[in-house]
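Enquirer: okay, sequence plus prediction incoming.
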Amino acid sequence: MTWRDIVAAAGQVPLETTRQAVGYPALFVLVALGALVPVIPTGALVSSAAVVAFHQDSLPFGVFLVFGVSALAAFTGDVALYWLGQRGVRSRNGSRWLEALRGRATPERLEQAQRALDEHGVLVLVVSRLVPAGRIPVMLACLLARLPLRRFARGDAPACLAWAATYGLIGILGGSLFSEPWKGVALAVGLTLLISAGPSVWRRLRGPARKRD
């Protein structure tokens with residue numbers, strides 16, 4: 001086969017197939033990285049991917065694939081981060097990953113997470129994945145309680161499935177309301193950012209009110 005044959009064959013590949021070949025691996029990598037470092041809005045990313053999949057000819061296969069890839073990527077990132085945190089717990093000098101987790105969890109949130117872990121066990125991981133800024137305090141509480149990685153993974157798997165389903169449904173909602181995908185993406189991103197920022201804004205508004213009381 002010559003290079004001309006290869007170019008001709010590539011030109012016959014459907015555009016949607018090409019997008020899938022590039023898009024789904026990219027979605028996996030970005031969501032997994034977003035679980036490790038807090039710089040990628042993974043919820044908005046999953047919702048946007050669900051909007052695009054909703055408008056493709058492969059519906060509902062594309063939507064289910066977004067759900068599966070997102071859940072697996074979130075689980076992979078969580079387990080990797082927990083494993084890195086465990087190394088810091090076991091080490092006398094700690095680790096930068098463990099310190100980073102401590103820096104992202106306020107003492108108050110950590111104490112709440114530790115109480116919830118004592119009362120409900122690993123089931124609290126499901127709720128933590130759905131509550132904005134709830135994942136890290138609960139993960140840190142599990143680390144400080146020296147929860148084995150295998151037990152953490154058993155609780156985190158349904159948490160990632162629930163998380164992917166929630167943000168996937170937001171994307172489906174946005175895709176069903178508009179015929180143009182970009183409008184659905186804009187709505188899905190707006191909703192996810194509102195969900196993420198809502199609790200933080202509420203706490204800031206409640207702070208001055210409590211001081212006045």
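Expert: Sure thing, it's come through.

Enquirer: what's around Tyr82, how many residues?
Expert: 21 (other CB atoms under 10 Å). C-beta coordinates here come from the backbone N, C-alpha and C atoms, glycine included.

Enquirer: what residues does it make contact with?
Expert: Going by CB atoms under 8 Å, 6 or more residues apart in numbering, Tyr82 touches 139, 142-143, 149, 152-153, 156.

Enquirer: what's the distance between it and Leu72?
Expert: 16 Å (CB to CB, to the nearest Å).

Enquirer: again with Leu65
Expert: According to CB to CB, Leu65 and Leu72 sit 11 Å apart.

Enquirer: with adjacent residues omitted, what lies nearest to the residue nearest the centre of the chain?
Expert: Nearest to the geometric centre of the chain sits Thr42, at 4.7 Å (CA atoms, centre = their mean). Closest residue to Thr42 apart from its sequence neighbours, by CB to CB, 6 or more residues apart in numbering: Gly34 at 3.7 Å.

Enquirer: tell me where the model's unsure across the chain.
Expert: Counting by pLDDT under 70, the low-confidence segments of the chain come to 1-22, 57-59, 92-94, 196-213.

Enquirer: repeat the analysis, applying 50 as the threshold.
Expert: Along the chain, segments meeting pLDDT under 50 span 1-15, 17-18, 21, 202, 208-209, 211, 213.

Enquirer: could you pull out the helices for it?
Expert: Ranges of helices in the chain, per DSSP state H, are 3-11, 15-36, 42-54, 61-90, 96-103, 107-120, 124-130, 135-144, 149-177, 181-212.

Enquirer: most tightly packed of those?
Expert: For those, average neighbour numbers computed from mean count of other CB atoms under 10 Å are highest in helix 42-54, which has a mean of 26.

Enquirer: contacting residues around that one?
Expert: Contacts for helix 42-54 (CB under 8 Å, 6+ apart): 23, 27, 30-31, 34-35, 59, 62-63, 65-67, 70, 74, 163-164, 167-172, 174-176, 181, 184-185, 188-189, 191-193, 195-196.

Enquirer: how far does it sit from the chain's center?
Expert: In terms of CA atoms, centre = their mean, to the nearest Å, the centre of helix 42-54 is set 11 Å apart from its chain centre.

Enquirer: that one vs helix 61-90, what angle?
Expert: 160 degrees (axes from the mean of the first three to the mean of the last three CA atoms, to 10 degrees).

Enquirer: got the angle between helix 42-54 and helix 149-177?
Expert: Put simply, helix 42-54 runs at 50 degrees to helix 149-177, going by the same axes, to 10 degrees.

Enquirer: Gly155 versus Cys142, what's the distance?
Expert: Remark: distance between Cys142 and Gly155 (CB to CB) = 8 Å.

Enquirer: list the residues that contact both of these two?
Expert: Common neighbours of Cys142 and Gly155 (CB under 8 Å, 6+ apart) are 122, 125.
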